[in-house]
Every structure is written in C-alpha cells, then in structure tokens.
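**Student:** The sequence and its predicted three-dimensional model are supplied below.
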Amino acid sequence: MAMRKREDSPEVFPNAAGIDIGGSSHWVAVPRAAADEPVREFGTMTDDLHAMADWLLACGVDTVALESTGVFWIPVYEVLEQRGLTVWLVDARQMKYVPGRKSDVLDCQWLQKLMSLGLLRAAWRPGDEVCVVRAIVRQREVLLAEQSDWVRRMQKALVQMNIQLTEVLSDIMGMTGQAIIRAIVAGERDPKVLASHRHGRFKASAGEIQRALTGNWREEHLFVLRQALAMYDDIARHLGECDAHLQALLDKRIRHQVDLGRPPRSDKQRLEFDVRQRLANWAGVDLTRIDGLGVGTVTTLLSEIGPDLSHFANVKHFCSWLGLCPGTKISGGKVLSARVKRSANRARQALKMAAMTLSRSDSALGAFYRRLCARMDKPRANTAVAHKLARMVYFMLTRGEDFVDQGTATL
C-alpha cells in the first residue's frame with residue numbers, strides 16, 4: 001500500500017530534466033514518456049550544448065536541474081537559459097546519496113527524479129547585471145593577491161641582502177619605501193643617498209635609515225628584486241585597467257542620484273569618493289555610512305548580492321544564505337549544536353572582515369562588539385557582529401533607509 005501511494009504521488013515538475021555536469025561530457029535525463037531514449041550523453045562544445053537544448057525542447061522539457069561542479073556548469077547554464085529553459089542550480093550536497101552503484105547515468109536520472117518530485121532547492125545566482133560586475137571585482141581581488149605576493153618576494157630579496165628596510169618602515173611600498181627600492185634597482189648603493197628619499201614626516205631618522213640600508217649587494221638578489229618590482233608595476237597597470245573598466249560598468253548602472261555632499265580636495269580621497277558615489281547611485285543608498293564598511297567592502301558586497309534583495313523572503317533568509325545564522329541541530333527537544341556552518345561565501349567573508357575593524361571603533365557597533373567580546377570568544381563575537389551588519393545592509397537596500405550611528409551607549 002505504501003509503494004502504491006508513493007508511485008501515485010503527484011509530480012511538482014512533470015516536464016523536468018536532470019543533467020550531470022562533467023568536464024568532458026554531460027549526461028542528460030528526461031521523463032521516460034518524453035523520449036524513446038530518456039538518457040543521452042552530450043559533449044562540452046558549444047554546438048553540443050545547443051544540440052542538448054534542441055533535444056530538451058523537443059522533449060517538452062521546461063525545467064532543468066544542474067548539479068554544480070566547479071565552473072563546468074556555467075556555459076551549460078547560460079546556453080540553456082538563453083534558449084528559454086528554466087535552469088535550477090542544485091548544490092551537490094543534495095545529491096550525495098544516490099541509490100545503487102554510483103555512475104553518471106544514475107546521477108542524472110536521480111537528479112531528474114528528485115526535481116520532478118520537487119525535492120530539490122535551487123541555489124541563487126544573481127542576474128547578468130551583477131555577474132558582469134562580480135567578474136571584474138573578483139579579477140581585481142586576484143590581481144591584488146598576486147601583487148602582495150610580489151611585495152613579499154621583494155622583501156625577501158632585501159632581507160637576503162641584509163637591507164633591513166622593514167625595521168624602519170611599516171610599509172615598504174609606501175612613498176618612502178618605493179622611492180628607496182626604485183633607486184636601488186636603478187643602481188644606487190650609497191646608504192646616505194638612499195636615505196635622502198625619506199619623506200619629511202617620517203618618524204625614523206636619517207641615521208637609522210642609513211644603517212638599515214647598509215647591506216651586501218649580491219647580484220643574484222638584485223636581479224630578483226628587479227624582476228619582482230617589474231611584476232609589481234605590471235600588475236599595477238592591470239589593476240588600473242580593471243578599475244577603469246569597473247567604473248565604466250558602474251556608470252551604466254546608475255539607478256538613483258544620491259547626494260554624498262561635497263567631494264574632498266585631495267586627489268586620493270577624491271578617487272575614493274568617486275567610487276563611493278557610483279556605488280551609492282547603483283544601490284540607492286550609501287552603505288559606507290555603516291561603521292566598518294569601507295568602499296572596498298561595499299564593492300565586494302554589491303558585486304556579490306547586487307542592489308536588489310527581493311529574491312530573499314526576509315532578512316532571516318538573507319542572513320541564512322550568508323551563513324551567519326546559528327545552526328539548529330536539535331534532537332528530542334535538546335540543542336545538540338548551534339554552530340554556524342562553514343561557508344566560502346565572499347559576501348560573508350567581507351562582512352566578517354568588516355566586523356574585525358570595529359574592535360577599536362568609537363561607534364555604537366564598536367561598543368556592541370566589545371561587549372560581546374567580554375561575554376564570549378572573539379570568533380563568535382565577530383560572527384555576531386557580522387550578522388548585525390548583514391541585517392543593516394538588508395534593511396538599507398530594501399527600505400532605502402540611511403544608517404545613523406546612535407552612539408556608544410546603544411546597541
């Protein structure tokens with residue numbers, strides 16, 4: 001009787017298909033009544049993907065479930081979406097237990113079965129407007145990480161020559177540090193001449209810098225330093241191109257005109273102000289008014305989630321998607337675990353980094369962070385503050401409200 005009831009259960013998506021994504025081929029399963037051969041294998045070339053879409057449309061399929069695997073699913077997702085099919089991206093953890101011996105054929109059939117019965121949940125993917133910005137922002141983050149690696153290589157070469165620049169400079173790529181390193185690469189070896197590049201407001205004296213710049217000038221280490229500096233400059237050029245392209249994209253996405261006041265006079269602050277203005281015009285609100293959220297953090301947030309959060313039912317769904325909500329592992333009315341699940345969500349990481357900067361802030365959020373640290377360990381306090389920041393971001397984007405710091409006595 002139970003088996004008969006299970007077979008007679010209505011299908012939520014009767015015209016659903018399942019696709020097991022692979023690196024060299026894709027296996028596709030459609031309902032058995034839709035084709036004589038309900039499982040087919042397709043290649044990964046563009047014409048193969050269009051042939052897959054033609055076959056799915058000929059079988060009367062209107063909804064497709066994909067198992068997310070690396071980045072192999074992206075071209076399949078985009079081609080099928082362009083052909084008018086509703087595509088669901090499914091977390092691979094939902095497909096963990098496949099009945100029988102595991103194979104690509106069984107995977108796609110099991111995926112199609114679960115999809116037809118409505119037992120899968122679609123992962124959220126932002127629209128093209130956000131995906132384009134996200135790709136540029138992520139590329140910029142990659143370039144910044146590579147540039148930091150080359151800075152460490154320069155520092156290593158200097159230490160090998162016993163040039164103790166880090167003992168007198170907090171940042172070797174600051175104004176004074178760059179001037180000294182470029183002079184060394186240009187051929188200057190006199191410590192007194194190198195120390196003359198010291199900035200006027202520098203704390204270390206000229207004598208201390210001269211002692212730090214007296215070293216062993218070995219040719220192999222100078223060669224590494226020269227190449228590392230060249231790579232640093234080359235990446236800086238690519239970063240400039242990335243920033244220009246990002247600004248052009250943001251100019252095309254102006255939805256509002258947000259008044260941020262008068263721009264600052266200095267060139268560096270004006271550049272940051274211009275980016276802040278573009279982000280505010282895209283989002284409709286200035287998220288940098290929230291304590292702890294700088295221009296870089298807001299850029300990451302908007303590039304990952306976009307300015308429209310209507311696809312989240314409420315703020316709880318938004319925070320759960322970010323992975324900032326406590327777990328609910330309960331058995332027999334007893335809470336077994338309330339740990340926050342691990343997540344590689346970039347927006348979540350940006351909010352947690354922003355929360356760490358509030359430890360010495362004089363704002364209400366800073367006072368809230370310090371009160372939490374007095375009651376619990378810092379990682380848990382950091383997650384709790386990131387959760388509060390996420391709620392503020394949600395309400396500002398959905399309600400169009402401005403953030404007002406209420407002082408250290410509140411929150």
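**Tutor:** All right, it came through fine. Numbers count the residues shown, from 1 in each chain.
**Student:** Please make it C-alpha for all contacts and neighbour counts, starting now.
**Tutor:** Fine.
**Student:** Residue 251 and residue 281, how far apart?
**Tutor:** Residue 251 is 9 Å from residue 281, where distance means Cα to Cα, to the nearest Å.
**Student:** neighbour-wise, which of those two wins?
**Tutor:** Higher neighbour count among residue 251 and residue 281: residue 281, with 21 against 15, using other Cα atoms under 10 Å.
**Student:** Just say helix, strand or coil for the residue nearest to that one when sequence neighbours are not counted.
**Tutor:** Distance criterion Cα to Cα, 6 or more residues apart in numbering; nearest residue to residue 281, sequence neighbours excluded, is residue 256 at 4.8 Å. Here residue 256 is recorded as coil under DSSP: H, G, I helix; E, B strand; the rest coil.
**Student:** Look up how far residue 280 lies from residue 256.
**Tutor:** Taken as Cα to Cα, the span from residue 256 to residue 280 is 8 Å.
**Student:** quick one: which of those two has more around it?
**Tutor:** residue 280 (24 against 13).
**Student:** Quickly find the element holding the more buried one.
**Tutor:** helix 267-283 (DSSP states H and E).
**Student:** So what touches that helix?
**Tutor:** 247, 250-251, 253-258, 260, 263-264, 286-288, 295, 298-299, 302, 306-308, 397 (Cα atoms under 8 Å, 6 or more residues apart in numbering).
**Student:** any idea of the mean pLDDT in that helix?
**Tutor:** For helix 267-283, the mean pLDDT works out to 88.
**Student:** Roughly how far does the residue nearest the centre of the chain sit from residue 289?
**Tutor:** The C-alpha lying nearest the average C-alpha coordinate of the chain belongs to residue 346 (Cα atoms, centre = their mean; 3.2 Å). Using Cα to Cα, residue 346 is found at 21 Å from residue 289.
**Student:** coming back round to it: which PyMOL command selects the buried ones in the contacts of helix 267-283?
**Tutor:** Buried residues within these, by 16 or more other Cα atoms under 10 Å, are selected in PyMOL with:
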select buried, resi 247+250+253+258+286+287+288+295+298+299+302+306+307+397
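**Student:** Show me the shaky parts of this structure.
**Tutor:** Within the chain, the segments meeting pLDDT under 70 span 1-9, 93-102, 104, 335-336, 405-411.
**Student:** so what are the domain limits for it?
**Tutor:** Following automatic domain parsing, one finds the domains of the chain at 2-123, 130-251, 285-399.
**Student:** chain center to the first one, what's the gap?
**Tutor:** Averaging C-alpha positions (Cα atoms, centre = their mean, to the nearest Å) puts domain 2-123 28 Å from its chain's average.
**Student:** can you tell me which residues contact the residue nearest to residue 281?
**Tutor:** Counted by Cα under 8 Å, 6+ apart, residue 256 has contacts 280, 281, 282, 283, 284.
**Student:** any idea how far it is from residue 403?
**Tutor:** Applying Cα to Cα to residue 256 and residue 403 gives a distance of 17 Å.
**Student:** before we move on, what about residue 67?
**Tutor:** 40 Å.
**Student:** Which residue comes closest to residue 111 once chain neighbours are left out?
**Tutor:** Once flanking residues are discounted, residue 111 sits nearest to residue 18: 5.1 Å by Cα to Cα, 6+ apart.
**Student:** Look at that neighbour and tell me its secondary structure.
**Tutor:** Going by three-state DSSP: residue 18 is strand.
**Student:** Any idea how many residues pack against it?
**Tutor:** Residue 18: 28 neighbours (other Cα under 10 Å).
**Student:** my guess is it meets residue 115, correct?
**Tutor:** Yes: counting by Cα atoms under 8 Å, residue 18 touches residue 115, with 7.4 Å between them.
**Student:** Now list whatever residues contact both of the two.
**Tutor:** In contact with both residue 18 and residue 115: residue 65, using Cα under 8 Å, 6+ apart.
**Student:** And for residue 398, the neighbour number?
**Tutor:** 18.
**Student:** In a helix, residue 339, correct?
**Tutor:** No: judged by three-state DSSP, residue 339 forms no part of a helix; its state is coil.
**Student:** who touches it in this structure?
**Tutor:** Residue 339 touches 326, 327, counting by Cα under 8 Å, 6+ apart.
**Student:** now it: how far from residue 256?
**Tutor:** 40 Å.
**Student:** Kindly report the same for residue 366.
**Tutor:** Taking Cα to Cα, one finds residue 366 at 30 Å from residue 256.
**Student:** cool, and residue 82?
**Tutor:** In terms of Cα to Cα, residue 82 sits 29 Å off from residue 256.
**Student:** sorry, back to before: got the buried residues for the helix holding residue 280?
**Tutor:** Quick answer for helix 267-283 (16+ other Cα under 10 Å): 273, 275, 276, 277, 278, 279, 280, 281, 282, 283.
**Student:** same thing with stretch 176-185?
**Tutor:** Under the neighbour-count criterion of 16+ other Cα under 10 Å, stretch 176-185 has 176, 177, 179, 180, 181, 184, 185 buried.
**Student:** Now residue 32: closest residue in space that isn't a chain neighbour?
**Tutor:** residue 38 (5.4 Å).
**Student:** Test my guess that that neighbour contacts residue 19.
**Tutor:** No: with contact defined as Cα under 8 Å, residue 38 does not reach residue 19; the gap is 11.8 Å.
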